[in-house]
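Undergrad: Okay, here's the prediction I keep looking at, along with the sequence it came from:
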Amino acid sequence: MAVTRAAGEEVLLSLSDIRRDYVLGQARVEALRGVSLRIHRGEFVAVWGPSGSGKSSLMNILGLVDAPTSGEVSLEGVPVGKLSDNALSDLRSRKVGFVFQSFNLVPVLSALENVMVPLQIQGVGASEARARASQALQEVGLENQSSARPDKMSGGQRQRVAIARALVTAPSIVVADEPTANLDTENSYRVVELMRELNRSKRVTFIFTTHDPRLLDLVDRKLLLKDGLLQTDETVR
Ligand SMILES: Nc1ncnc2c1ncn2[C@@H]1O[C@H](COP(=O)(O)OP(=O)(O)O)[C@@H](O)[C@H]1O
Ligand SMILES: [Mg+2]
């Protein structure tokens, strides 16, 4: 049993000297050039920086969907590089929720059914999945839209469905890569505010990327990434 501490003390994720190279024929792109970082349970963190700075590469590694070229990633003290593919995907499905720029909802499913998907992948029975998905939709303020299809919803509503889907499995961390890139200013702010509220009420750790500095007002900690290196790591409050 992990000891519960205040946000900012218990290390949830740790990256040690992470490099990520992409090889394209003869060319090699060094997307991450030695990033070391600790994310603590309960933190609300933004990674910002220009396009091409390595934000998505970093999110994919933090979310355990991609392996670094070198360096070590540990989640809750478990070095993930040594796990089998099965153990890794099991850990990812239990511990990590994802939110994407393009929402990635299934168009033929209702909002409720979309939120049920990760539970069904885990083998949770239909009635329990329905109840938990319904609760998650309520937490993002969409209880009245549960039977609506994504194409009938606004961008802001779709992203709230995606946030409910990320949270429904009660993950340790939600990783969101440019969650507001397809939203207007007001909806962008609202989505970050919603993540902030959920971070406080459910004590879920969030890390998201953005290239919009206005959204940084709401975070505890901002990491500036430039050319594959952490330039600054600022704790705000
Ligand atoms: N799958 C890939 N294959 C080759 N190069 C890639 C790939 N993904 C990203 N890159 C390159 O790595 C660098 C960092 O990209 P990325 O992590 O997507 O940054 P950001 O999300 O900040 O825009 C860029 O130069 C990009 O072109
Ligand atoms: Mg990106």
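TA: Here it is on my side, so go on. As the structure is a prediction and not an experimental result, all values here were calculated from the model. Ligands and ions are numbered 1, 2, ... in the order given.

Undergrad: the helices in this protein, which residues?
TA: All helices of the chain, identified by DSSP state H, fall at 55-62, 85-95, 111-121, 126-139, 155-167, 185-202.

Undergrad: For the fifth one, buried residues please.
TA: Right, helix 155-167. Buried positions in helix 155-167, judged by neighbour count with 16 or more other CB atoms under 10 Å: 156-167. In short, each C-beta sits where N, CA and C put it, glycine included.

Undergrad: Turn these into a markdown table, columns for pLDDT and distance to Arg38.
TA: Below are these laid out as a markdown table (pLDDT from 0 to 100; distance: CB to CB, whole Å):
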| residue | pLDDT | distance to Arg38 |
| --- | --- | --- |
| Gly156 | 96 | 32 |
| Gln157 | 97 | 34 |
| Arg158 | 97 | 32 |
| Gln159 | 96 | 28 |
| Arg160 | 97 | 30 |
| Val161 | 98 | 31 |
| Ala162 | 97 | 27 |
| Ile163 | 97 | 25 |
| Ala164 | 97 | 28 |
| Arg165 | 98 | 27 |
| Ala166 | 97 | 22 |
| Leu167 | 97 | 23 |
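
Undergrad: hmm, which two among those are most spread apart?
TA: Gly156 and Leu167 (16.7 Å; CB to CB).

Undergrad: Low-confidence stretches in this protein?
TA: Scanning the chain for pLDDT under 70 picks out 1-8, 237.

Undergrad: returning to what we had before: pick the most buried one from the helices of the chain.
TA: Scoring those by mean neighbour count under mean count of other CB atoms under 10 Å gives helix 155-167 as the most buried, with a mean of 24.

Undergrad: Kindly format the C-alpha coordinates of that helix as PDB.
TA: Output of helix 155-167 as PDB, limited to C-alpha atoms (Å, rounded to 0.1, in the frame of the first residue of the first chain):
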ATOM      1  CA  GLY A 155     -16.300  20.500 -29.800                       C
ATOM      2  CA  GLY A 156     -16.300  21.400 -26.100                       C
ATOM      3  CA  GLN A 157     -18.900  18.800 -25.300                       C
ATOM      4  CA  ARG A 158     -17.000  16.100 -27.300                       C
ATOM      5  CA  GLN A 159     -13.900  16.900 -25.300                       C
ATOM      6  CA  ARG A 160     -15.800  16.600 -22.100                       C
ATOM      7  CA  VAL A 161     -17.000  13.100 -23.200                       C
ATOM      8  CA  ALA A 162     -13.400  12.200 -23.900                       C
ATOM      9  CA  ILE A 163     -12.400  13.400 -20.500                       C
ATOM     10  CA  ALA A 164     -15.200  11.300 -18.900                       C
ATOM     11  CA  ARG A 165     -13.900   8.300 -21.000                       C
ATOM     12  CA  ALA A 166     -10.300   9.000 -19.700                       C
ATOM     13  CA  LEU A 167     -11.500   9.100 -16.100                       C
END
